[in-house]
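In: Sequence and predicted model, in that order:
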Amino acid sequence: MQAPAHTLGLRLPPPSSARPRPGRRPAVRAAAAATQAAPRRETDPRKRVVITGMGLVSVFGTDVGAFYDRLLQGESGVGPIDRFDAGSFPTRFAAQIRGFSSEGYIDGKNDRRLDDCLRYCIVSGKKALENAGLAKGSDAHAKLDKVRAGVLVGTGMGGLTVFSDGVQNLIEKGYRKISPFFIPYAITNMGSALLAMDVGFMGPNYSISTACATSNYCFYAAANHIRRGEADIIIAGGTEAAIIPIGLGGFVACVLVMESLEHAMKRDAPIIAEYLGGAVNCDAYHMTDPRSDGLGVSSCIKKSLEDAGVAPEEVNYINAHATSTLAGDLAEVRAIKQVFNNTSEIKINSTKSMIGHCLGAAGGLEAIATVEAITTGLVHPTINQFNPEPEVEFDTVANEKKQHEVNVAISNSFGFGGHNSVVVFAPFKP
């Protein structure tokens with residue numbers, strides 16, 4: 001939907017009587033500067049980016065539909081830590097993955113060596129390809145131009161278990177007991193590298209590490225590769241495995257298959273939703289605290305809408321970063337208010353209320369939740385929410401799911417260091 005012209009400050013040309021006299025310099029430049037062009041979405045099928053597959057490994061399992069059903073039910077995935085003795089820690093609960101199996105996706109010998117961060121990446125990536133109709137070994141996969149197929153999976157922490165075990169062996173047993181896989185399985189780029197090796201994708205391949213903003217950075221970068229004609233299809237997302245004594249964070253991986261509309265149509269792919277645009281920037285303010293005025297976030301949201309060709313009035317769903325810290329949540333609320341003058345039609349929720357903070361993979365799971373909201377017409381609740389701050393004047397879908405036809409959605413992710421990222425999704429319309 002394109003916003004009416006009057007809401008964007010557009011003006012008709014002046015009547016003939018008001019036109020400049022002959023010999024005088026027309027005020028065309030001044031008029032142009034005062035006129036704001038209506039947003040325009042991309043129409044070139046080579047540059048339109050669509051979502052054709054999704055895959056995840058999460059506290060709610062490895063099936064996307066089941067994952068979203070449990071979010072809609074308002075189920076909490078957080079419970080007491082039992083992967084190790086957390087009795088001496090001030091925090092003794094987390095959103096752990098239980099019962100994970102890589103059978104059928106990773107051979108046994110490699111599976112035993114890999115850090116969980118890498119195992120989750122490979123399984124979720126291959127599941128996303130299956131969802132896109134491109135399962136390894138299928139005719140469709142064989143027909144892909146692998147040189148134009150890429151992988152961009154980021155991580156905030158990398159192979160933390162492998163790193164921690166290596167340090168412990170060094171201290172207790174000496175350098176000879178450090179695993180030969182210590183470096184390759186700990187560094188952050190190896191998830192993208194191993195997944196590409198497994199499925200044969202030879203296109204753009206690297207990892208982005210921008211703390212909790214990582215996944216959205218990967219989506220933004222992947223879309224730009226496609227729009228510049230450097231790739232037809234890219235697996236993008238994030239992976240994390242940090243529930244160990246030194247990490248005590250989240251265990252998760254999630255991936256989207258992003259491809260040009262032209263490429264998706266040629267192979268008659270199932271199109272789930274459309275990626276309209278995105279933006280990234282930096283607060284340049286503090287290592288851990290957000291700017292209280294929300295300036296970095298608000299400018300990032302505005303730039304994402306400009307990239308998407310979307311007017312603020314078109315957005316009616318926001319999957320918020322919403323980590324449940326007073327400073328962070330209020331800064332995000334203030335930023336949203338700076339962009340959206342009328343928030344009465346906008347639903348805002350927090351996926352983290354049920355699955356915890358998944359660090360570099362958080363934006364990936366939240367993107368999947370956003371796309372599922374688009375396809376199902378249901379937005380999941382923000383659980384355990386009572387007595388909100390007065391500044392929170394939005395419908396935050398407190399404690400109960402709601403029916404909501406999503407027109408345009410944004411998903412926010414922000415990371416330590418002031419990294420901000422916003423991506424824009426919408427229902428696919430030919």
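Out: Perfect, I can see it now. Numbering: from 1, shown residues only.
In: can you give me the helices in this protein?
Out: Under the criterion DSSP state H, the chain contains helices at 28-34, 64-72, 108-113, 116-131, 139-143, 160-173, 190-199, 214-227, 261-266, 295-308, 326-339, 352-355, 362-376.
In: next one: the longest one to chain centre, how far?
Out: Pointing back at helix 116-131 there. On the basis of Cα atoms, centre = their mean, to the nearest Å, helix 116-131 is displaced by 16 Å from the centre of the chain it belongs to.
In: Direction-wise, compare that helix with helix 362-376 and give the angle.
Out: In this structure, helix 116-131 runs at an angle of 20 degrees to helix 362-376, with axes from the mean of the first three to the mean of the last three Cα atoms, to 10 degrees as the basis.
In: Who are the packing partners of helix 116-131?
Out: Using 3 or more Cβ pairs under 8 Å, 6 or more residues apart in numbering; DSSP states H and E, the elements in contact with helix 116-131 are strand 49-57, strand 149-154, helix 160-173, helix 190-199, strand 233-241, strand 251-260. Where C-beta positions appear, they are placed from N, C-alpha and C, glycine not excepted.
In: Dump the C-alpha coordinates for that helix into CSV.
Out: Below are the C-alpha coordinates for helix 116-131, written out as CSV (Å, rounded to 0.1, in the frame of the first residue of the first chain):
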residue,chain,number,x,y,z
ASP,A,116,27.6,-27.4,19.3
CYS,A,117,27.7,-24.0,17.7
LEU,A,118,28.8,-25.7,14.4
ARG,A,119,26.4,-28.7,14.8
TYR,A,120,23.4,-26.4,15.2
CYS,A,121,24.5,-24.3,12.2
ILE,A,122,24.8,-27.3,9.9
VAL,A,123,21.6,-28.9,10.9
SER,A,124,19.5,-25.7,10.8
GLY,A,125,21.0,-24.8,7.5
LYS,A,126,20.3,-28.1,5.8
LYS,A,127,16.8,-28.1,7.3
ALA,A,128,16.2,-24.6,5.7
LEU,A,129,17.3,-26.0,2.4
GLU,A,130,14.9,-28.9,2.8
ASN,A,131,12.1,-26.4,3.6
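In: so G79 makes contact with R92?
Out: No: because the distance of 10.0 Å does not satisfy Cβ atoms under 8 Å, G79 is recorded as not touching R92.
In: Dump the helices and strands packed on helix 116-131 into CSV; add mean pLDDT, distance to R112 and mean neighbour count as well.
Out: Listed next are these as CSV, based on pLDDT from 0 to 100; distance: least, Cβ to Cβ, whole Å; neighbours: other Cβ atoms under 10 Å:
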stretch, mean pLDDT, distance to R112, mean neighbour count
strand 49-57, 97, 17, 26
strand 149-154, 97, 21, 31
helix 160-173, 81, 12, 16
helix 190-199, 96, 14, 23
strand 233-241, 94, 15, 33
strand 251-260, 90, 18, 31
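In: okay, these in a markdown table with distance to F181 next?
Out: Supplementary listing: these in a markdown table, determined by distance: least, Cβ to Cβ, whole Å:
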| stretch | distance to F181 |
| --- | --- |
| strand 49-57 | 21 |
| strand 149-154 | 19 |
| helix 160-173 | 7 |
| helix 190-199 | 10 |
| strand 233-241 | 15 |
| strand 251-260 | 19 |
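In: To N281, which of the ones you listed lies closest?
Out: Closest approach to N281 among the helices and strands packed on helix 116-131 is made by strand 149-154 (17.0 Å; Cβ to Cβ).
In: quick check, distance from that closest one to the centre of its chain.
Out: The offset between the C-alpha centroid of strand 149-154 and the centroid of the whole chain comes to 13 Å, using Cα atoms, centre = their mean.
In: Quick one: list the elements packing against it.
Out: Here strand 149-154 touches helix 116-131, helix 190-199, helix 214-227, strand 233-241, going by 3+ Cβ pairs under 8 Å, 6+ apart.
In: quick one: average confidence on the longest one?
Out: When you say that, I think you mean helix 116-131. Along helix 116-131, the predicted confidence averages to a pLDDT of 95.
In: tell me which residues of it are tucked away?
Out: Taking 16 or more other Cβ atoms under 10 Å as the basis for neighbour counts, the residues of helix 116-131 that come out buried are 116-131.
In: could I get the helices and strands packed on strand 149-154 as a markdown table with distance to K337?
Out: Below are those laid out as a markdown table (distance: least, Cβ to Cβ, whole Å):
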| stretch | distance to K337 |
| --- | --- |
| helix 116-131 | 35 |
| helix 190-199 | 37 |
| helix 214-227 | 21 |
| strand 233-241 | 28 |
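In: can you count the residues close to the nearest residue to R119 once chain neighbours are set aside?
Out: Excluding its sequence neighbours, the residue lying closest to R119 (Cβ to Cβ, 6 or more residues apart in numbering) is S102, at 5.4 Å. Using other Cβ atoms under 10 Å as the criterion, S102 is surrounded by 19 other residues.
In: Then the one 10 residues further on?
Out: When neighbours are counted by other Cβ under 10 Å, R112 registers 9.
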